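Colleague: What would the 3D arrangement of this be:
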Amino acid sequence: MDSWKIYGLTVVVLFLKMFAVVLVQGYERYKHRGFDNPEDAAMFDKLFGSKPDATKQGELVDRAQSVLRNDGENIPIFLFIAIAYIQLDCWSRGVEIYLPLFVIGRIAHTISYLKALQPWRNLSYQLGLWVTFAMAGHIVWQSTFAAN
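Modeller: Sure, this is the predicted structure:
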């Protein structure tokens, strides 16, 4: 498959993964009527009735927020590195290997984080990290040592 098509699919899958986390977070806030902003709680109470045992928010909301923060720290730099990797034509087979591995790592990280599964969360995080470092190494090699 063409490298840019793989990149496009990678972007879409990562977007859908992050959107799924947002839906989990929103559902949990709605279920517990635990909102950060009082106007949000008032709106949902008005629409669906108040919930007497409403809590600030569930643990899953905090975990989902942490997943999104972690995604924001890791996914953008990976996507930038992937663009450079493709543009420099580092290794076409690498795109077929590295990009799916990163996606698998991020999905496994999300599931592991939401379900509080260690050491799987750490291992899946490391998978994405090592993929990113490997691609960065290819970029340095291609930019510095490869014959042009």
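
Colleague: Please identify the helix or strand for the residue nearest to residue 110 when sequence neighbours are not counted.
Modeller: For residue 110, ignoring the flanking residues on the chain, the nearest one in space by Cβ to Cβ, 6 or more residues apart in numbering is residue 67 at 5.3 Å. Just so you know, the C-beta spots here come from the backbone N, C-alpha and C atoms, and that holds for glycine as well. Per DSSP states H and E: residue 67 is located in helix 59-87.

Colleague: re earlier: if I pick the residue nearest to residue 110, what's in contact with it?
Modeller: 21, 109-110, 113-114 (Cβ atoms under 8 Å, 6 or more residues apart in numbering).

Colleague: From residue 105, how far out is residue 70?
Modeller: Residue 70 sits 12 Å away from residue 105, going by Cβ to Cβ, to the nearest Å.

Colleague: again but with residue 44, I slipped
Modeller: Residue 44 is 35 Å from residue 105, where distance means Cβ to Cβ.

Colleague: between residue 70 and residue 105, which one's more packed in?
Modeller: It is residue 105, of residue 70 and residue 105, that has more neighbours when counted by other Cβ atoms under 10 Å, with 22 against 17.
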